[in-house]
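Enquirer: With the input below, show me the fold.
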Amino acid sequence: MVYIGFSKQSHKLYARVLCKNFRHCAPVIGDGKNFLLYQFVHRNKIAVIPITRRDLSILHKFGWQFIEYRGNINSNIKNKPWTCVQFTKQVCNIKSVRIQTPYGLFRYLEKK
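Expert: Prediction:
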């Protein structure tokens, strides 16, 4: 089970300037009870945060929105992504170069 989480808050300056609706995205991978949130920190660091279904509901109360992704996932990332969107696209095997912001990724996943 894979969810893609979208947040309206970010500590990164370029995200606050360039991204209008959503400013951060992160893949959440797991089974029905336990999940792993892959948080993009910077180019060489991806933080893996273990969470539960209850934590997902808490994040939802704090403004996160989640979309269930039913496609294939990529477990080994070879090149280092520069943004959270590039990282999420690599995990979800999305090859579209038109998707550059979290809101663009959100609209793309909503259509699927």
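
Enquirer: okay, CA-based contacts and neighbour counts for the rest of this
Expert: Noted.

Enquirer: beta partners of the spatially most central residue of the chain?
Expert: The structure's the chain has its C-alpha centroid closest to A26; by Cα atoms, centre = their mean the separation is 2.0 Å. For A26, the beta-bridge assignment (DSSP bridges) gives partners G5.

Enquirer: Verify the contact between it and L37 for me.
Expert: Yes. Here A26 reaches L37: they are 6.9 Å apart, a contact under Cα atoms under 8 Å.

Enquirer: Look at the residue nearest to C92 when sequence neighbours are not counted and report its pLDDT.
Expert: In space, and not counting its chain neighbours, C92 is closest to I73: 4.8 Å by Cα to Cα, 6 or more residues apart in numbering. Looking at I73, its pLDDT reads 87.

Enquirer: So I73: helix, strand or coil?
Expert: At I73 the chain is in coil, as set by DSSP: H, G, I helix; E, B strand; the rest coil.

Enquirer: The residue nearest to the centre of the chain: what's it in contact with?
Expert: Shown in contact with A26 (Cα atoms under 8 Å, 6 or more residues apart in numbering): I4, G5, F6, L37, Y38, Q39, F40, C84, V85, T88.

Enquirer: Am I right that the second one is in contact with W64?
Expert: Yes. Contact criterion Cα under 8 Å: G5 and W64 qualify, at 6.3 Å.

Enquirer: Neighbour count: those two, which is higher?
Expert: The neighbour count for G5 versus W64, taken as other Cα atoms under 10 Å, is higher for G5 (23 against 19).

Enquirer: The residue nearest to the centre of the chain and G71: what is the separation?
Expert: Between A26 and G71 the computed distance is 16 Å (Cα to Cα, to the nearest Å).

Enquirer: And for K78?
Expert: Taken as Cα to Cα, the span from K78 to G71 is 19 Å.

Enquirer: Of those two, which one has the most company?
Expert: G71 (12 against 7).

Enquirer: what's the neighbour count on the closest residue to that one other than its chain neighbours?
Expert: Spatial nearest neighbour of G71, chain neighbours left out: C92 (7.0 Å); criterion: Cα to Cα, 6+ apart. Residues lying near C92 (other Cα under 10 Å) number 19.

Enquirer: What are the neighbouring residues in contact with C92?
Expert: G71, N72, I73, N74.
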